[in-house]
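>>> Here's my sequence, what's the structure:
(chains A and B)
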Amino acid sequence: MLIEYAIASFFASAAFGIIYQAPRNTIIKCGLVGMIGWVIYISLVWEEVDSVPATLIASFVIAVVSQVLARIYKTPMIIFSVPGIIPLVPGSLAYDAMRSFVQNDYSVAISIAAKAFMISGAIAFGLVFSEVLNQIMKKMRQTKAQVR
Amino acid sequence: MERTEDLIELCLLMGKIMQQNGAETYRVEDTMTRIAQSFGRDEAQSYVTPTGILFTISPGAPAKLVRVSARETNLEKVKLANNVSRNITSGEMSTHVAYKELRKIETSPTDYTILMQIIAATLASGFFTLMFQGSWYDFLPACIAGGLGFIALMNFIRLFEIKFVAEFVASLLIGFTAFSLFSLGIGKEVDKIVVGSIMPLVPGLLITNAVRDLMAGHLISGLAKGAEAFLTAFAIGAGIAVMFALF
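Reported below is the predicted structural model:
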């Protein structure tokens, strides 16, 4: 079943690449980045990891892959990371929360909304974490060069 | 020696294009100051918010302001502007040529036709339904509802001045299509159909960028993007909610 999710997330991310008007030659890569993220996320969830740490790990990997691609193709990193993280965005949770609000089921709604907020925080944290790692590596390389 | 006014205009235009098309706040600030630095203006400062950009070339000089009124996501333009900035900082492009190039980027038509975007949104809706554990029976109704919603959004944004009204009406249409198809017996789980088909409208990028800007210390940008994301999510949710009440 993993293959079905992989294919679905590939096309969903690539389609978002088109909606966000990514350059033509990057659309396939956008799809691949999204697929990698979603496969990691869904396999972690199947291993009964909570969805917040699963999202964190997946978004971190997406950011690292995007950074590598960005360096190879000399483009801004967001071209790959933005369509790539779209599958992780808690759209269905936000919808569930909204539906519970409308049905006057406030306690359920608040807890689902909190979960959605935590997941968006995890996505952002994964992105920021990889950026920090990238900067540390850059600084280490510079100091090494100076020592020599 | 480049004229100072030209350099300021160039930096502002660069910032405006990047901010309008969805670049991150820190990248916009970074690019603007870096261009100034490449012409020996080490003390240039920029202050970027989602709705406007302030830039000053040196501490005593007057600050200039550019208003950013409409924002969208166009990654192609971000990439092109980034290329121009690379060429400027490596000294391959003069301010004059760069300014002309940026003007061309600003007004250039989009790379994808509207039809292609509609098809993309249609397919994205269907595949998102599958990703959220919907069955293949839900694929087709999600495609129809999502595609119609996206067409509606694109047309209503032109019709109504206020973006949130357009999003509300589009999500009304999505809800109506999904629930009517479901009551006609097309599709298995109406929840999955609706979730998949609202995905092209969901402000996922904004939510993530908002939290990210907050973490990076761009507090104003973060709060502004968060507010925009919340309003959009509320408009979509309200539209679906109305349909829930009716069906």
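>>> list the contacts for residue B:81?
By C-beta atoms under 8 Å, 6 or more residues apart in numbering or on different chains, residue B:81 lies in contact with B:14, B:17, B:18, B:21, B:23, B:31, B:102, B:105. For the C-beta atoms, the positions are set from N, CA and C on the backbone; glycine is no exception.
>>> From those, pick out the ones that also neighbour chain A.
residue B:23 (C-beta under 8 Å from any C-beta of the partner chain).
>>> Make CSV out of the contacts of residue B:81 and add neighbour count and distance to residue B:237.
CSV is the format used below for the contacts of residue B:81 (neighbours: other C-beta atoms under 10 Å in any protein chain shown; distance: C-beta to C-beta, whole Å):
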residue, neighbour count, distance to residue B:237
B:14, 27, 37
B:17, 22, 32
B:18, 27, 31
B:21, 22, 27
B:23, 26, 28
B:31, 25, 36
B:102, 22, 38
B:105, 21, 36
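>>> Could you give the number of residues near residue B:183?
Residues within reach of residue B:183, counting by other C-beta atoms under 10 Å in any protein chain shown, total 11.
>>> where's it relative to residue A:103, distance?
19 Å (C-beta to C-beta, to the nearest Å).
>>> Do you have the helices of chain B handy? List them.
B:4-20, B:25-38, B:75-89, B:95-107, B:114-131, B:139-159, B:163-183, B:190-198, B:204-215, B:219-246 (DSSP state H).
>>> Could you look over the ones you listed and pick the most buried one?
Mean neighbour count, computed with mean count of other C-beta atoms under 10 Å in any protein chain shown, is highest for helix B:190-198 among the helices of chain B, reaching a mean of 28.
>>> So which elements touch that one?
helix A:91-102, helix B:114-131, helix B:139-159, helix B:163-183, helix B:219-246 (3 or more C-beta pairs under 8 Å, 6 or more residues apart in numbering or on different chains; DSSP states H and E).
>>> So for residue A:127, which of those sits nearest?
Residue A:127 sits nearest to helix B:219-246 of all the helices and strands packed on helix B:190-198, at 13.5 Å, using C-beta to C-beta.
>>> what is the mean pLDDT for the closest one?
Averaged across helix B:219-246, pLDDT comes to 86.
>>> out of the contacts of residue B:81, who's nearest chain A?
Closest approach to chain A among these (C-beta to the nearest C-beta): residue B:23, at 6.8 Å.
>>> Leaving out sequence neighbours, find the closest residue to that closest one.
Closest residue in space to residue B:23, ignoring its immediate chain neighbours: residue B:78 at 4.9 Å, by C-beta to C-beta, 6 or more residues apart in numbering or on different chains.
>>> where in chain B is pLDDT low?
For chain B, applying pLDDT under 70 flags the ranges B:1-2, B:204.
>>> And residue A:148, what's its pLDDT?
So residue A:148 comes in at 62 (pLDDT).
>>> Burial check on residue A:50, number of neighbours?
12.
>>> Repeat that for residue A:108.
14.
>>> Surely it touches residue A:98?
No: in this structure residue A:108 lies outside contact range of residue A:98 using C-beta atoms under 8 Å: 11.5 Å.
>>> check contacts around the residue nearest to residue B:23.
Residue B:78 touches A:76, A:78, A:79, B:18, B:21, B:22, B:23, counting by C-beta under 8 Å, 6+ apart.
>>> The same query, at a cut-off of 7 Å, please.
Counting by C-beta atoms under 7 Å, 6 or more residues apart in numbering or on different chains, residue B:78 touches A:76, A:78, B:18, B:21, B:22, B:23.
>>> Up against chain B, what does chain A have?
A:4-5, A:8-9, A:11-12, A:15-16, A:18-24, A:38, A:75-76, A:78-79, A:82, A:85-87, A:89, A:91-92, A:94-95, A:98-99, A:102, A:120-121, A:123-124, A:127-128 (C-beta under 7 Å from any C-beta of the partner chain).
>>> Which residues are in contact with residue 99?
In the absence of a named chain, chain A is used. residue B:244.
>>> look at chain B instead
Applying C-beta under 7 Å, 6+ apart, the residues contacting residue B:99 are B:6, B:9, B:10, B:13.
>>> And the residues you listed, which is closest to residue B:36?
Nearest member of those to residue B:36, counting by C-beta to C-beta, is residue B:10, at 9.1 Å.
>>> still on that earlier bit, and the helices and strands packed on helix B:190-198: which comes nearest residue B:70?
When the helices and strands packed on helix B:190-198 are compared by C-beta to C-beta, helix B:163-183 sits nearest residue B:70, at 8.7 Å.
>>> could you say what helices and strands the closest one packs with?
helix B:139-159, helix B:190-198, helix B:219-246 (3 or more C-beta pairs under 7 Å, 6 or more residues apart in numbering or on different chains; DSSP states H and E).
>>> will you turn the ones you listed into TSV that also has distance to residue B:59?
TSV is the format used below for the helices and strands packed on helix B:163-183 (distance: least, C-beta to C-beta, whole Å):
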stretch	distance to residue B:59
helix B:139-159	41
helix B:190-198	49
helix B:219-246	22
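>>> do you know which of those helices lies nearest residue B:86?
helix B:219-246 (24.0 Å).
>>> other SSEs contacting that closest one?
Against helix B:219-246 (3+ C-beta pairs under 7 Å, 6+ apart) you get helix A:91-102, strand B:45-49, helix B:163-183, helix B:190-198, helix B:204-215.
>>> swap the cut-off to 10 Å and go again
helix A:91-102, helix A:106-147, helix B:25-38, strand B:45-49, helix B:163-183, helix B:190-198, helix B:204-215 (3 or more C-beta pairs under 10 Å, 6 or more residues apart in numbering or on different chains; DSSP states H and E).
>>> Among those, which comes closest to residue B:90?
helix B:25-38 (8.2 Å).
>>> List the buried residues for the helix or strand in which residue A:52 is found?
According to DSSP states H and E, residue A:52 maps onto helix A:51-73. Burial within helix A:51-73, assessed by neighbour count using 16 or more other C-beta atoms under 10 Å in any protein chain shown, is assigned to A:51, A:54-67, A:69-70.
>>> who are the neighbours in contact with residue B:174?
B:125, B:142, B:144-150, B:152-153, B:193-194, B:196-198, B:200-201, B:236, B:239-240, B:243 (C-beta atoms under 10 Å, 6 or more residues apart in numbering or on different chains).
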